[in-house]
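**Q** Here is my input; please provide its structure:
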Amino acid sequence: MITLNTTAPVAHAGLLGLGVFRPERIVTNDEICQKIDSNDEWIQERSGIIERRHADAHETVVTMATAAALAALADAGISPEQLDMVMIATVTHRYQTPSAAVEVAAAIGAVNAAAIDSSAACAGFCYGLGIADGMIRSGVAKYILLIGAEKLSEIVNFEDRGTAFLFADGAGAVIIGETKVQGIGPTIWGADGTQLDAIIMEPDVFTAEKTGNPSVLTMQGQQVFRWAVGQMGDACTQAMTAAGVSVADLAAFVPHQANNRITDALVKQLNLPDHVAIARDIQYSGNTSAASVPLALARLRENGEIKSGDLVLMVGFGAGLVHAAQVALVP
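**A** Below is the predicted model:
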């Protein structure tokens, strides 16, 4: 029998750098309400959103991801040539192929990197982090650039009262590499394809092309709310148990920025101590899907609510329905 060689594993992986891009254009609730029967008070009460960012016409998933990538590289202190892989979590890249990742790799000069996109919607960043952690520790890669980037404003129906105010644009990136101690806990993830209609783009892209009706994001809000509140608390608890930590060890909780009411419910379920900072980036960034968790993590760090080496609990959940949760040390 032939025995194949394998790469030498390394002991530990963690986050080495963090960078984000937020579009300059601020869209208020009053602007959103010009096309729907609603008001600022109702939107804030229902979601927690005060304003969100929408990218300009010249800004794309690729340009936003590139800006976030360069910021993360600078934060980590490594060069693009050192990257072994570029991974982008997104559902809004304009092309089915080639990937956004190959464009970003070329734009930043990552000449030695493999490149791939992944589609796990709002859980995409946490999915990618679990994959990258395994790749680093297996010895397959030394440095991985993981980016969550979305331009959801291009697939929203701004006359749909249930979704028009929710979704927004942005990008967040991290560098994952070998560390002296393990900086990423085991990922607890899963999927329930029986609920795929809860959040979906309709019509499908081929039907949209034939009929001329644009494919837009639709969501069954109450169904998603019940699922998230009913199951994400358990996923978070499992992630902490798997990592061997408790809520007392946490410095911050960074859930996907879907809705402040979901966040409030999870905080209560987890019985988080008062010292744990709660990410509320949705107030000023809206729901940015795969970009949501890194953007929220960066805002906590920017505000001085967390610092390098602090332990954070992250969870992403959304269309699929899919979810992923893990704890990690702040870069």
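
**Q** Work out for me the element residue 241 sits within.
**A** helix 221-243 (DSSP states H and E).

**Q** if we look at that helix, which residues are touching it?
**A** Contacting residues not belonging to helix 221-243 are listed as 162-163, 185-188, 190, 192, 195, 198-199, 246-247, 250, 255, 258-259, 261-262, 265-266, 269-270, 313, 315, 317-318, 321, 323-327 [CB atoms under 8 Å, 6 or more residues apart in numbering]. Placement of C-beta: from N, CA and C, glycine included.

**Q** Quick check: buried residues in that helix?
**A** 221, 224-225, 227-229, 232-233, 235-237, 239-240, 243 (16 or more other CB atoms under 10 Å).

**Q** same check, this time on stretch 147-167
**A** 147-156, 160, 163-167.

**Q** End to end on that stretch, go ahead and measure it.
**A** End-to-end distance of stretch 147-167 (CA to CA, to the nearest Å): 18 Å.

**Q** starting at the chain centroid, how far to that stretch?
**A** Centre-to-centre, stretch 147-167 and its host chain are 15 Å apart (CA atoms, centre = their mean, to the nearest Å).

**Q** mean confidence score for that stretch?
**A** Mean pLDDT, computed over stretch 147-167, is 96.

**Q** Stretch 206-218 too?
**A** Stretch 206-218 carries an average pLDDT of 88.

**Q** Using CSV, write out every CA atom in that stretch.
**A** Taking Å, rounded to 0.1, in the frame of the first residue of the first chain, the C-alpha atoms of stretch 206-218 are listed here in CSV:
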residue,chain,number,x,y,z
PHE,A,206,-32.2,32.3,-14.3
THR,A,207,-35.9,33.0,-14.0
ALA,A,208,-35.1,36.7,-13.2
GLU,A,209,-33.0,36.9,-16.4
LYS,A,210,-35.8,35.4,-18.6
THR,A,211,-38.6,37.4,-17.1
GLY,A,212,-36.8,40.7,-16.4
ASN,A,213,-38.0,40.7,-12.8
PRO,A,214,-35.0,41.3,-10.5
SER,A,215,-34.0,38.7,-8.0
VAL,A,216,-34.5,40.2,-4.5
LEU,A,217,-34.1,39.0,-0.9
THR,A,218,-37.2,37.9,0.8
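
**Q** How about it, which residues are buried there?
**A** 215, 216, 217.
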